[in-house]
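> any chance you could fold what I've pasted below:
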Amino acid sequence: MKREQPILRSNAWRAAMMQAKKVELLLLDVDGVLTDGTLFYGATEEVKAFNTLDGFGLRLLREAGIAVGIITARSSEAVSRRAKELKLEHVYTDCRNKKEAYVAILEQQGLLPEQTAYMGDDWLDLPVLMQVGCSFAPANAAAEVRRQVDYVTEKSGGHGAVREACELILESKDLLAELLKKYMQVP
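Numbering: from 1, shown residues only. Next comes the predicted model:
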C-alpha cells in the first residue's frame, strides 16, 4: 500500500510562489549556490563538487520550458563542464559585473525582470538579486543577502538549495505534480 502524504510547505514558500509564478528564466551563481563554496586546488586545476539533486531540478525546469543559466565571477574547467552537462542556455563566467551580464541576458531574450529569478549567496550577487522578479538565497548565504531575498531555501548551497528553488518555481506554475506523474509512469 502506497502512502500519499501531503508535502507541507512553509509560509515563506507560499509567499515566494507569488513572485515565482511569472519566472521564465532562472539564473544562478555557482560557488556557494551550485557548490558548497569550498574550492579544491590540484596541481593544475580547480576542483568543485556539484549535487545531482540540483542537476535534476534544473533538468525539470528545462522540461517545463524554463530557461536556466549561470552568472559567476570565477571561471574553471569544472564549471564549464558542468554547464555543458546541464545544457545551460546562458553561461557567463569570469564576470566581474553580474548586473551587466543580467541586463545583457534580459535584452537578448526580450524578458522583463519579473520573468526572471536569481539565486546568490554573497554580496556580489546583490545587484542582480535586487533586480529580478523572484530572488533566492541558500540557507548558508551571507546574512545581508538572506535579508534581501524573497525566499531562503532550507537547504544549503551545493546540498540541494537549487533543487528546492526549482521545485518552488514549478509548483507556482502548477507543473511540479504533472512532472512527478510523468516520472512515476512505468514504461
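> which residues does the helix or strand of the chain with the lowest mean pLDDT contact?
Lowest mean confidence among the helices and strands of the chain (mean pLDDT, DSSP states H and E): strand 46-47, at a mean of 83. Contact with strand 46-47 is made by 39-41, 74, 76-78, as judged by C-beta atoms under 8 Å, 6 or more residues apart in numbering. (Each C-beta comes from the backbone N, C-alpha and C, glycine too.)
> what lines up beside it in the sheet?
Applying DSSP bridges to the sheet, strand 46-47 is found paired with strand 40-41 (antiparallel).
> returning to that earlier point: how far out from the middle of the chain is the least confident helix or strand of the chain?
Using C-alpha atoms, centre = their mean, to the nearest Å, the mean C-alpha position of strand 46-47 is found 21 Å from that of the whole chain.
> hang on, the earlier thing: in strands, which of the contacts of strand 46-47 appear?
Judged by DSSP state E, these include 40-41 as members of strands.
> and the next element down the chain from the least confident helix or strand of the chain?
Later in the chain than strand 46-47, the nearest helix or strand by DSSP states H and E is helix 52-63.
> please name every helix or strand in contact with that following helix.
For helix 52-63, the elements it packs on are strand 67-71, helix 161-172, judged by 3 or more C-beta pairs under 8 Å, 6 or more residues apart in numbering; DSSP states H and E.
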